[in-house]
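> Take a look and give me a structure for this.
(3 chains)
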Amino acid sequence: MNSLLLYALAGVGLFTLGLYALIVHAHLLRKILAINVMGSGVFLVLVALGGRTPGGAPDPVPHAMVITGIVVAVSATALALALLLRVQAKTGRTRFPEQGNIILKEY
Amino acid sequence: MTWDSSLLLLILATSLVPGLVIFFLPEERVSLRTTLNMAGAVVKLVLVGVMIWGVFHGQQYETRLPLLPGGLDLVLHADAESVLFVTLSTVLWLVTTVYAIGYLEGSHHRSRFFGFFSLCVTATVGVALAGNLITFLLFYELLTLSTYPLIVHRETEEARQAGRIYLRYTIAGGAVLLVGTVWLYDVAGSFDFTHRGVLAGLDDADRAALTAIFVLLIAGLGVKAALIPLHGWLPRAMVAPAPVSALLHAVAVVKAGAFGIVRVVNDVYGVEFAASLGVTGPLAVLAAATIIYGSLRALFQDSLKRRLAYSTVSQVSYIVLGIAIVGPIATIGGLVHLVHQGVMKITLFFCAGNLAETLGVHNISDMNGVGKRMPWTMAAFTIGALGMIGVPPLAGFITKWYLGLGALDAGQDWVILVLAGSSLLNAAYFLPILYVAWFKAPPDAWPAERYWGRRETAWALLAPPAVTALLTLAVGLLASAPFSPLQWARFITTQEYAP
Amino acid sequence: MGTAVANTPWCVMVILLPLAGALVSFLWPRRSVPLGLVTALAVPACVAGLGWQVAEQGVQRYAVGGWGAPLGIDLYADGLSLLLLLMTALVGLGISVYSSGYFERKTAAVFWPLWLFLWAALNALFLSADIFNLYVTLELLGLSAVALVALAGGADALIAAMRYLLVSLLGSLLYLLGVALLYHSFGSVDIAILAQRVEPSPAVWAAVGLMSAGLLLKTALFPLHFWLPPAHASAPAPVSALLSALVVKASFYILLRLWLEVFPPSDAAVGQLLGVLGASAVLWGGIQALRQARLKLLIAYSTVAQLGYFFLAFPLGTSIAWKGALYLLLSHALAKAAMFMAAGNILRCCGHDHIVALDRVAKRLPLTLTAFTLAGISSMGLPPSGGFTGKWLLLDAALYTGQWWWALTLILGGLLAAAYVFKVVGYAFTPAEVSHEVRVVPVRMEWTALVLALAAVLLGLGTPWLLALLDIGFPFDSGYAG
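Below is the predicted model:
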C-alpha cells in the first residue's frame, strides 16, 4: 500500500510543480505545458488512490474518470495550441502583454 | 376581478396606457397625441369622481397583488387621504396637460416628453393610492425615474447637471427609505396603512429601533419633500420646462414626499404613538426651520422660478408642521395645505412660464410693468401670491388659521411666531413682485417677445392659470361647502383622532 | 397528450436537442441561422415540458441509458435546476434571436455550432447528479466559451481568450483534484450518496478548499476576477451577453450545490470570509465600473460587482437569503444580457463605445437606450424589478440575523450601480463634440434587448410562482439552512 501512497504524493507534487510553472513562466507554451503537467498529476492521484480496494483488485471507476480526463485534456490542449498560434500570428509574441494594458480596438 | 378591485387599476391605467402609446407616436402626429393626452386626463377625472362618491358612501376599493414572500402584497387602497391627493393630482394633471401642449408647441421630442409626463402622473396616483409602505416605495421610486427624463429634456449641459444632482439626492433618499422599510418589516411584521397607525397596537416593540426607523423613513421621504438640508435638488431642477416645474416640482414630487410623511406619521406609527416616542417634536422643529430658511433664501433670488422654488421648499413644510404638531386642528391645517399649496403654487408657476414664453422674462428685475402687457396672467399671479401670504379669504389664510389654532390648542405656542414670521417673509418676497409688475413703467422692449394678435398670449397658456386662480379663490371662499378640501381634511382627521 | 408529456424524458431532450442542433449546423453551415433559431425555439419548449413534469410529479431522476448511479450517469431535476434551466432557456432564446441579426455569414457558420454546443453543456451541467459529470460539463462549457471569445479574431480577443482558457483549465483541475479526494474518501461521486456519507476529515477539508478555489476562480469572485473584464469586453456582443449572463453562473451553481448538500457544515468564519470577498467584489467592481471609459468594460465590471452579491448569502445562510441570491442571479442574467446587447447595438450604430462620446444615442436608438436603462433599474435594485426582490430578501435576511453590515453593502452597491448606469444615460442624451457616421441597427437586435430588459424589470411581479418553484425538492433544508 505504501507505494500507492507514494504515487499519490508524486501526483500531488506534479500538480504543485505545474501550478508553480503556470504562475511563474511567461511564455504561453510553457503555461500550456504546465497545465498538462498539472493534469497528469491529478490523473496520477486518481489512479493511485484507486489502486487500493478491500478486494485487492484496483477500482475501475477512477480509471474511467482518468480516461475521460485525458480526452478532455487532449481537446483542451489542442484548442490551447491553436489559440497560441493565432496569438502569435496576430501579435508576433507569445506572452501576455503587461498588466493593466487592456486596450480594446474598435471593430 | 370585481369593480371594487379593478377601479383603482383602471385609474392608474388611464395615464399609463396613453403614455406608453405616446412614446411610439411620430413627432408630427400632434392631434392624435393631444387627443390621447386629453382623453386620458378626462377619463381619469371621471373615474376619480366615481371613486370619491363611493368612498364618501363607505365603499371599499382595494386591489391586492402578491409581491414578496411573507405576506407583503402590492396594495392599492382608496381611503380618505388617498382621495385628497388623487383628486388634487388628477385635476391639476388635466390643467397642466393643456398648458404643456401650449407651452411646448413646436419644440422637439414632444412624444418623449408626454410619454414620461404620463408616467409621472401614473406614479403620483400610485403613490396616492398605495395601501402599504412597500407599494408606496414602488411608486415613489417610479416617480424618481420618470421625472429624470423631464428634467434633462432640454438636453443642455445645465440640464444634465441638474438631472445628476436630482438623481443623487433622490436615489440616495430612496435607498434610505428602503432600509427603513425593510427594518420596519423586520421589527413590526407588516405595514398596511391603518387608521391611527399599525404600530400603535404593538406594545413590546423595540422603541429605540422604532425611533431610528422613523428617522430613516423621514430622511428618505424628506428628500422629495424638500426638508432642509435635503432640499438642494429643487432649485436646480428649475432648469426644466415650465410645465414640469409647475406640476412636478410644485405639486407631484414634493407632495409625494410630504404625503409620505403624512402616511408614516398617521397610518404607520399613529400620531399619538409617534408623540410618545418623542419624534414629533424634532420633526416640528425641522419643519419650522425649513419654513423660515426657504422664505429667507427666496428673498434673495432674482430669477422668478428660483424664488418660487424656495417658496415651495418653505410652503411644503407647512404640511409637515401640521402633522408634527400633535393635535387635530393642526392636522387639518396640514392636510388641507396639501391641496391649497398645490393650486396656489401651480398658478404662480404657470404665470412664470407665461412670462418666459411670451416675453422672454425670467428675472424679477425684468418684470417692470408686466401687468400692463399681460394683465390676465398677472391677475392670476396676484391671486396666487396673496394666497401664499395668507390674505383672507384665500386658501392660504385658511391653512394658517388652522395651523395657528392647532398650535395653541396643542400648547405649542412658538409655532405662532414661526407662522407670523413666515407670513411676513412671504409678503416681503411677493409684494415687491406685484409692485414692480403693476406700478412700474414697462421697458421699451421685452427680451424676446412673441405676439398672439390682440390676446396677451396663447389660449392654452392663459386658460390654465385662470382656472387654478379661480380654484384658489373657490377653495378659500367655499371652504365650508360639502366637498371642499377643508371638509375632506376634517373627515380624515376625525378618523385619525376619534376615540 | 398529458401522459405523452409526462412520459417523455425531457431531461435528456433538453440536452440532446441543442447538441443535435450544434451538429447539424456544423455539417450544414449555409443553413446555420435558421437551424439555430429552430433549436432556440425548441429548447425552451423542452424546458417547459420538464417544468410541467417537475411540477406534477416532483423531483425527477433519470438514469441515462438505463445505467444508474454509482457507475452510470444520472440526471436530476429539482426546483433549483429548473430555475437555472429556465433562465438559460429564456436568455438563450434572446441571444439566439439577437445573433441571427448580428453576425455576418462566415462568422455565423462558426458561431452557431459553438453556441448550441455551449447551451447543451449548460443544460447538462444543471441536470448533473454527480460531481464528476459536473467536471466534464464544466470543461465542455469552458472550452466552447473560450472558442466563442476568440471568434472576434482581434488581438485583444485572442489574448483574452488565451488567458480565459488557462484560468478555466486551472479552475477545473483544482476541482478535479477535489473530486479525486472525495471519491477516495467515500467511494461515490453521486451527490445524493455523498450527502449521506460525508463526514469531516482532513481529506474532505482539502477537497473542499480545492474545489471552492477552482470554482471561485471560474466564478470570478474578487480577487480572482482579473480575467473577466478583458474576456467579456473584447468578445462580440452576443458572446459577452452569454458569458456574463450564463457561463459564470454555472460554476456558482456547482459551488451552491456542493455547499448545501455535500460539504460538511463549516464554522461561521468561512461564510463570513465568502461574504467579505463578495462585499469587496460589490464595492471594487462598482468603483471600477465608474472609472471605465468604454461601455463594454463598464458592463463587464458591473458583472464583477453583481457576482459579489450572490456570495452575501453564504454568511447569512437562511433560506430567505439563498432565495434572494438566486433571484438576483436570475434577474442579473436577464439584465446583463440586455445591457451587453444594448452595448452591441450602440457599437454597431456609432462604431465605437466611448462613453463620453456617445452622440445622442437617445434619439437614434431609443429602444436600445430604454433597454439599457431598464436593465440598469434591475441592477440598481429598484422596484418592481427582480433585482429589487432579491435585494429585499437579502436585506431582510441581513437585518433578521443582525448582520447589518451586509445590508450596508447592498445599499452601497445599489448606489454605485445607479451612479454608473446614469452616467451612461446622461451622456446618451447629449450630443458629443465630434459626430461619427451612423450605421443602421437591425430591428430584432433592438427588440431582443428591450424584451429581456422588460423581463428583468417585471420579474418582481412573478415572485410567488418562482419562489414556489424553488421549493420543489428544496435543497435549502439540509446542510446550511437557517
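> make it CA atoms for all contacts and neighbour counts henceforth
Noted.
> Show me what counts as buried in the lengthiest helix in chain A.
In chain A, taking DSSP state H as the definition, the longest helix is helix A:60-91. For helix A:60-91, a neighbour-count test (16 or more other C-alpha atoms under 10 Å in any protein chain shown) marks A:61-63, A:65-66, A:69-70, A:72-73, A:76-77, A:79-81, A:83-84, A:86-88 as buried.
> tally of neighbours for residue B:24?
11 (other C-alpha atoms under 10 Å in any protein chain shown).
> Likewise for residue B:147?
If we define neighbours as other C-alpha under 10 Å, then residue B:147 has 25 of them.
> In which helix or strand does it reside?
Using DSSP states H and E, residue B:147 sits in helix B:133-151.
> packing partners for the next helix or strand after that helix?
Proceeding N to C from helix B:133-151, the next assigned helix or strand is helix B:157-188, under DSSP H and E. Where contact means 3 or more C-alpha pairs under 8 Å, 6 or more residues apart in numbering or on different chains; DSSP states H and E, helix B:157-188 is packed against helix B:133-151, helix B:207-224, helix B:233-236, helix C:386-400, helix C:404-429.
> Need these in CSV (columns: mean pLDDT and distance to residue B:23).
Formatted as CSV, these follow (pLDDT from 0 to 100; distance: least, C-alpha to C-alpha, whole Å):
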stretch, mean pLDDT, distance to residue B:23
helix B:133-151, 91, 13
helix B:207-224, 89, 26
helix B:233-236, 88, 27
helix C:386-400, 92, 24
helix C:404-429, 91, 16
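> Would you tell me which one of those helices is buried the most?
helix C:386-400 (a mean of 26; mean count of other C-alpha atoms under 10 Å in any protein chain shown).
> Which helix or strand contains residue B:421?
helix B:414-439.
> quick one: average pLDDT of the longest helix of chain A?
In this model, helix A:60-91 carries a mean pLDDT of 93.
> what about it and chain C, touching?
Yes - contact between helix A:60-91 and chain C, assessed by C-alpha under 8 Å from any C-alpha of the partner chain, occurs at A:61-62, A:65, A:68-69, A:72, A:76, A:79-80, A:83-84, A:86-87, A:90-91.
> Please apply the same query to stretch B:135-154.
Yes - shown here: stretch B:135-154 in contact with chain C (C-alpha under 8 Å from any C-alpha) through B:137-138, B:141-142, B:152.
> sorry, back to before: who wins for proximity to chain A among the helices and strands packed on helix B:157-188?
If you check each of the helices and strands packed on helix B:157-188 against chain A by C-alpha to the nearest C-alpha, helix C:404-429 wins as the nearest, at 18.5 Å.
> What angle do helix B:133-151 and the closest one make with each other?
30 degrees (axes from the mean of the first three to the mean of the last three C-alpha atoms, to 10 degrees).
> which strands and helices sit next to helix C:404-429?
Using 3+ C-alpha pairs under 8 Å, 6+ apart: helix C:404-429 touches helix B:157-188, helix C:268-291, helix C:295-310, helix C:361-364, helix C:366-380, helix C:386-400.
> packing partners for the last one?
Packing partners of helix C:386-400 (3+ C-alpha pairs under 8 Å, 6+ apart): helix B:157-188, helix C:313-316, helix C:319-350, helix C:366-380, helix C:404-429, helix C:443-458.
> Residue A:8 is nearest to which of the helices and strands packed on helix B:157-188?
helix C:404-429 (42.2 Å; C-alpha to C-alpha).
> how distant is the closest one from the center of its chain?
Its chain's C-alpha centre lies 21 Å from the corresponding centre of helix C:404-429 when counted by C-alpha atoms, centre = their mean, to the nearest Å.
> angle of that helix against helix C:366-380?
Here the directions of helix C:404-429 and helix C:366-380 differ by 170 degrees (the same axes, to 10 degrees).
> Okay, angle between helix C:404-429 and helix C:386-400 too, please.
160 degrees.
> Now do helix C:404-429 against helix C:295-310, angle only.
If you take the same axes, to 10 degrees, helix C:404-429 sits at 160 degrees to helix C:295-310.
> Alongside chain C, which residues does chain B contribute?
B:66-69, B:137-138, B:141-142, B:152, B:155-157, B:160, B:164, B:171-172, B:175, B:179, B:182-183, B:186.
> picking that back up, now narrow the residues of stretch B:135-154 next to chain C to whatever sits close to chain A.
Okay, of the residues of stretch B:135-154 next to chain C, nothing touches chain A (C-alpha under 8 Å from any C-alpha).
> before we move on, the earlier item: and residue C:407, which of the helices and strands packed on helix C:404-429 is closest to it?
Closest of the helices and strands packed on helix C:404-429 to residue C:407 is helix C:386-400, at 5.3 Å (criterion: C-alpha to C-alpha).
> Could you export the closest one as CSV, CA atoms only?
The C-alpha trace of helix C:386-400 is given here as CSV (Å, rounded to 0.1, in the frame of the first residue of the first chain):
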residue,chain,number,x,y,z
GLY,C,386,-36.3,41.2,-9.9
GLY,C,387,-33.2,42.9,-8.6
PHE,C,388,-35.4,44.7,-6.1
THR,C,389,-36.9,41.4,-4.9
GLY,C,390,-33.5,39.8,-4.5
LYS,C,391,-32.2,42.8,-2.7
TRP,C,392,-35.2,43.0,-0.4
LEU,C,393,-34.8,39.3,0.5
LEU,C,394,-31.1,39.7,1.3
LEU,C,395,-31.7,42.9,3.3
ASP,C,396,-34.5,41.1,5.2
ALA,C,397,-32.2,38.2,6.0
ALA,C,398,-29.3,40.5,7.0
LEU,C,399,-31.4,42.5,9.4
TYR,C,400,-33.1,39.4,10.7
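> How about chain B: which residue is closest to chain C?
residue B:138 (5.2 Å).
> mind listing what that residue touches?
Contacts here follow C-alpha atoms under 8 Å, 6 or more residues apart in numbering or on different chains; on that basis residue B:138 touches C:382-384.
> Looks like residue B:196 contacts residue B:264 (just checking).
No - assessed by C-alpha atoms under 8 Å, residue B:196 is found out of contact with residue B:264, at 10.4 Å.
> Chain A: which of the contacts of residue B:138 is nearest?
Nearest to chain A among the contacts of residue B:138: residue C:382, at 32.0 Å, using C-alpha to the nearest C-alpha.
> Once you drop chain neighbours, what's closest to the closest one?
Sequence neighbours aside, residue C:388 is the residue nearest to residue C:382 in space, at 5.1 Å (criterion: C-alpha to C-alpha, 6 or more residues apart in numbering or on different chains).
> what does chain C have sitting close to chain B?
Neighbours of chain B within chain C, by C-alpha under 8 Å from any C-alpha: C:382-384, C:389, C:392, C:395-396, C:399-400, C:411, C:414-415, C:418, C:422, C:426, C:429-430, C:460-464.
> right, and the helices and strands packed on helix B:157-188 - which one's nearest residue B:464?
Closest approach to residue B:464 among those (C-alpha to C-alpha): helix B:133-151, 20.2 Å.
> per-residue confidence at residue 5?
If you meant another chain, say so; for now it's chain A. Looking at residue A:5, its pLDDT stands at 87.
> that's the wrong chain, I meant chain C
Turning to residue C:5, the model gives it a pLDDT of 71.
> What strand or helix carries it?
Counting by DSSP H and E, residue C:5 is found in helix C:2-7.
> Run the chain-centre distance for that helix.
Distance, centroid of helix C:2-7 to centroid of chain: 31 Å (C-alpha atoms, centre = their mean).
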